[in-house]
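> Build me a structure from this.
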Amino acid sequence: LIYLLFKNFLAPVFNSSEHLFFWKYLWILPVFYYFMYRVIIYPYSLTGRGDGSPIVHHLILFWISSVLFSYFFLFRVMAETLESARLKEQLRSAELLTVMQKEQYLMLQNSIDETRRNRHDLKQQLIVIKSCIEQENYAAAVNYISHCLDLYSGNVESFCGNHAVDSIIRYYVA
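Take a look at the predicted model:
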């Protein structure tokens, strides 16, 4: 019975109990039961008083059952406390993941909006070029295309020469 108690309840609790506050008060329970044994039960066994007395036997059975029950209850409470702590940690991780997903969603939405603006700008530029060509103003079309190329040919800053690392650094710089 004691082996099963230790194997099923105490071992899992001891293996993951570094954050439990009640370990420093746990010594009170064994001291109480030892005191109860020494004051109430042990004197009867030394003097021989009450040998065969049903009251003493009932008292001993009550003491043993209360010790086992209280330790069983205590270990169950410890196990439930550890499970609660584990679930709180999972909840904290899930909340952190949710925050990260929201940030990713906002970045994706901003990227979609920027792509939409770029498409609009490209469409307007193509309309201007088409208008110049329709009016047979080829010099203005060439000048406008040169202006656009100068505008978009900005050199991409390189930090270390490695394309993958540069793109990550540029992401965080932006």
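
> What strand or helix carries the residue in the chain sticking out farthest from the centre?
Farthest-out residue of the chain from its mean C-alpha position, per CA atoms, centre = their mean: E136, at 65.9 Å. Secondary structure assignment for E136, by DSSP states H and E: no helix or strand.

> Now do the lengthiest helix in the chain: distance to the chain's middle.
In the chain, with assignment by DSSP state H, the single longest helix is helix 54-134. Counting by CA atoms, centre = their mean, to the nearest Å, helix 54-134 is centred 6 Å from the centre of its parent chain.

> Look up phi and psi at F159.
The phi/psi pair for F159 (degrees, to the nearest 10) reads phi -100, psi -40.

> Does it touch Y171 like I think?
No: with the criterion set as CB atoms under 8 Å, F159 and Y171 do not qualify as a contacting pair; they are 11.4 Å apart. From N, CA and C alone the C-beta is placed, and that goes for glycine too.

> Tell me which of these two has more neighbours.
For F159 versus Y171, neighbours defined as other CB atoms under 10 Å are more numerous around F159 (12 against 9).

> Would you enumerate the residues in contact with that one?
The contact partners of F159, taken as CB atoms under 8 Å, 6 or more residues apart in numbering, are 165-166, 169-170.

> Between the residues you listed, which sits nearest H120?
R170 (24.3 Å; CB to CB).

> you'd agree that closest one is up against C160?
No: taking contact to mean CB under 8 Å, the distance of 11.1 Å between R170 and C160 leaves them out of contact.

> quick one: which of the two has more around it?
Set side by side, R170 and C160 show more neighbours around R170, with 13 against 9, by other CB under 10 Å.
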